[in-house]
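Participant: Okay, predicted coordinates and the sequence, questions at the end:
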Amino acid sequence: MKVIVKRTFDVAVSGVMLAVLWPVMLAVALAIRVKMGGPIVFRQLRPGLNGETFEMMKFRTMVHAPGGKKDRPDGAISDIARVTPLGAWLRATSLDELPELVNVFKGEMSLVGPRPLLTQYMEHYDDHQKRRHDVKPGITGLAQVEGRNDLSWTERF
C-alpha cells in the first residue's frame, strides 16, 4: 500500500511540476543550446531499484572532454575545468536537475530517496550500503539536506 501511495504522489507531483516548470525548462534548454551547443540533456546510466540501471537525465553543464587544458596526469580534463559558467549557475540553483522529473514520472526515480551514485561505485559497497538499492533513487534525500557534496563517503550512507 505504501508503495502505491508513494508512486501516486510521485506521478502527481512530478506531473504538476513538469506542467508548471516547462517554460523554465525551455529557457534553460535554449540557454544551453546557445551557450554550449548540443546536446542539451546529459544522460548517464545510474543504478536504481534493485541495482538495475536506468538512464538518468540532467541538463548539460560541461563542455565535451576533448580539447582544452589538460590538467590530470592521465591527460584527461578534470570535471571542474569542464564546467561552464552557465553550468556552474545551473548547478548552484539545481536547475540542472529538472529533467530528473521525467525520470520520476516514468517510474525510474522517486522525488525523495537516496541519490543514485555512479554505477562504478557499486563494487565498493558493503552489505549495508547496498541496501540503498532496496528503494528507488530520489532527486533529493537526506544526504542533500544534510550537506550535499561536503559529506564523506560514509556520511552519505
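Facilitator: Okay, I see it.
Participant: alpha carbons only for contacts and neighbour counts from here, please
Facilitator: OK.
Participant: Helices along the protein, start to end?
Facilitator: 2-36, 79-82, 85-93, 100-106, 127-130, 142-146, 153-156 (DSSP state H).
Participant: And the first one, what's buried?
Facilitator: Going back to what we said before, that points to helix 2-36. Residues 7, 10-11, 13-15, 18, 25, 28-29, 32, 36 are the ones in helix 2-36 that count as buried (16 or more other C-alpha atoms under 10 Å).
Participant: Likewise for the third one?
Facilitator: Buried residues in helix 85-93, counted by 16+ other C-alpha under 10 Å: 86-87, 90-91.
Participant: cool, and the fourth one?
Facilitator: By neighbour count, and taking 16+ other C-alpha under 10 Å as the criterion, the buried residues in helix 100-106 are 100-105.
Participant: what's the most distant pair in those?
Facilitator: E100 and F105 (8.6 Å; C-alpha to C-alpha).
Participant: returning to that earlier point: with mean pLDDT and distance to N50 as new columns, can the helices of the chain be given to me in TSV?
Facilitator: Written out in TSV, the entries for the helices of the chain read as follows (pLDDT from 0 to 100; distance: least, C-alpha to C-alpha, whole Å):
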stretch	mean pLDDT	distance to N50
helix 2-36	97	15
helix 79-82	82	29
helix 85-93	96	28
helix 100-106	98	16
helix 127-130	88	9
helix 142-146	62	20
helix 153-156	58	19
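Participant: Redo those as a markdown table? Include distance to P116.
Facilitator: Below are the helices of the chain laid out as a markdown table (distance: least, C-alpha to C-alpha, whole Å):
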| stretch | distance to P116 |
| --- | --- |
| helix 2-36 | 17 |
| helix 79-82 | 18 |
| helix 85-93 | 17 |
| helix 100-106 | 11 |
| helix 127-130 | 12 |
| helix 142-146 | 11 |
| helix 153-156 | 11 |
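Participant: Out of those, which gets nearest to M56?
Facilitator: Of all these, the one in closest proximity to M56, counting by C-alpha to C-alpha, is helix 100-106 (6.6 Å).
Participant: which other residues reach stretch 3-20?
Facilitator: When contacts are defined by C-alpha atoms under 8 Å, 6 or more residues apart in numbering, stretch 3-20 is touched by residues 101-102, 104-105, 107, 110-111.
Participant: at 6 Å what do you get?
Facilitator: Contact with stretch 3-20 is made by 101, 105, as judged by C-alpha atoms under 6 Å, 6 or more residues apart in numbering.
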